[in-house]
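sequence below, structure please.
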Amino acid sequence: MSSLKQSVPNPVPAREPASSPGGGRLPTHPQPPSEELLRKRIRVRGIVQGVGFRPWVFNLAGRFGLAGSVRNTPDAVLIEVEGRATAIAPFLQKLESEPPPLAQINSVIAENIAPRGESGFTILDSIETALEAVLVSPDVSTCDDCRREFSDPNNRRFAYPFTNCINCGPRYSIIQDVPYDRPRTTMAAFRMCTACQAEYDDPRNRRFHAQPNACPECGPSVSLHTASPAASPALPNCEHEDSNSTASLEVIAEVRRLLRQGQVVALKGLGGFHLACDAENDE
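Alright, predicted model coming up:
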């Protein structure tokens with residue numbers, strides 16, 4: 001049996017990624033002084049973690065010039081917004097009617113709380129409590145944008161099999177605990193490189209707060225492990241491993257050859273094993 005798996009480096013302390021540029025605060029726009037300042041606490045339940053919900057709320061608040069914060073809790077996403085009623089009302093309407101593509105909102109509960117005179121909008125650290133009952137998104141197939149990057153020889157993720165963004169990639173299979181944050185996933189051991197961290201921190205980037213974000217420089221790599229060198233003459237080293245895109249394609253091509261020969265391959269991913277074989281091969 002051959003085994004295709006991702007390399008996992010020696011565990012390193014997981015760095016909690018920065019919330020957003022400038023300390024995670026989005027400046028607000030001036031509001032007409034004639035309107036009364038309001039503040040609302042909003043609790044959103046459903047599939048709202050691991051689907052780009054916090055980054056989406058961050059940008060939506062900026063669109064309406066609202067101050068406040070958003071954070072994950074073990075059972076919901078908690079939002080606080082402060083501003084004029086004429087800005088909060090359309091914010092709430094968009095919150096329910098135009099969520100991110102992968103989100104599924106089951107309930108939205110809003111209550112009035114005392115204004116704080118706050119400025120800017122922040123993505124706060126998640127709250128951890130004993131209650132853990134959040135819905136987590138399933139893994140999502142590669143989106144068109146990531147496919148284009150994968151196929152572009154000039155892109156730094158060319159042929160990188162673990163390319164993902166806020167709209168696709170692993171979710172349920174990598175989570176180890178809630179709330180959903182990178183340190184609570186199997187990606188915790190992979191410290192983001194400077195380029196990936198910059199994407200993670202940029203509200204204009206589709207990888208803003210994408211927890212599985214990675215590239216060939218800092219993410220998982222592909223390796224092929226065979227019982228003996230003779231089992232895979234195209235790749236004579238039993239422990240063939242490389243983050244280089246060309247090497248990854250060679251490993252994948254070799255696995256296809258082994259499957260055509262009737263071999264059974266164990267595919268080890270971030271979330272476990274899949275056994276693969278050619279079901280039409282009688283041998």
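
can you map out the strands along the chain?
Counting by DSSP state E, the segments of the chain that form strands are 2-6, 25-26, 37-49, 67-73, 76-84, 104-113, 121-123, 135-136, 222-225, 239-242, 265-269, 272-276.

so where is the stretch 1-150 of the chain shaky, pLDDT-wise?
The stretch 1-150 of the chain contains residues with pLDDT under 70 at 1-34, 129-134.

format the strands of the chain as CSV; extra columns: mean neighbour count and distance to Leu92.
Quick note: C-beta positions are derived from backbone N, CA and C, even for glycine. Formatted as CSV, the strands of the chain follow (neighbours: other CB atoms under 10 Å; distance: least, CB to CB, whole Å):
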stretch, mean neighbour count, distance to Leu92
strand 2-6, 19, 42
strand 25-26, 20, 18
strand 37-49, 20, 7
strand 67-73, 23, 12
strand 76-84, 23, 8
strand 104-113, 12, 6
strand 121-123, 24, 15
strand 135-136, 16, 21
strand 222-225, 22, 45
strand 239-242, 15, 50
strand 265-269, 16, 39
strand 272-276, 11, 40
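
and of the ones you listed, who's closest to Ile175?
Nearest to Ile175 among the strands of the chain is strand 135-136; the distance by CB to CB comes to 5.6 Å.

tell me what the closest one is packed against?
strand 37-49 (3 or more CB pairs under 8 Å, 6 or more residues apart in numbering; DSSP states H and E).

packing partners for the strand it packs on?
Helices and strands touching strand 37-49, by 3+ CB pairs under 8 Å, 6+ apart, are strand 76-84, helix 85-97, strand 104-113, strand 135-136.

out of these, nearest to Thr226?
Nearest to Thr226, of the helices and strands packed on strand 37-49 and by CB to CB, is strand 135-136 at 34.9 Å.

list the strands paired with that closest one, with their directions.
Note on strand 135-136: by DSSP bridges, its sheet partners are strand 37-49 (parallel).

coming back round to it: closest one to Cys146 among the helices and strands packed on strand 37-49?
Closest to Cys146 of the helices and strands packed on strand 37-49 is strand 135-136 (CB to CB; 20.4 Å).

and the closest residue to Asn164 other than its chain neighbours, how many neighbours?
Distances taken as CB to CB, 6 or more residues apart in numbering place Pro212 nearest to Asn164, at 5.1 Å, with adjacent residues excluded. The local packing of Pro212 (other CB atoms under 10 Å) involves 26 other residues.

how about stretch 192-212: buried residues?
Buried residues in stretch 192-212, defined by neighbour count with 16 or more other CB atoms under 10 Å: 192-193, 196-197, 199-201, 203, 205-212.

sorry, back to before: distance to Val178 for the strands of the chain - can I get that in JSON lines?
Converted to JSON lines, those look like this (distance: least, CB to CB, whole Å):
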{"stretch": "strand 2-6", "distance to Val178": "23"}
{"stretch": "strand 25-26", "distance to Val178": "25"}
{"stretch": "strand 37-49", "distance to Val178": "7"}
{"stretch": "strand 67-73", "distance to Val178": "8"}
{"stretch": "strand 76-84", "distance to Val178": "10"}
{"stretch": "strand 104-113", "distance to Val178": "16"}
{"stretch": "strand 121-123", "distance to Val178": "17"}
{"stretch": "strand 135-136", "distance to Val178": "7"}
{"stretch": "strand 222-225", "distance to Val178": "29"}
{"stretch": "strand 239-242", "distance to Val178": "32"}
{"stretch": "strand 265-269", "distance to Val178": "21"}
{"stretch": "strand 272-276", "distance to Val178": "19"}
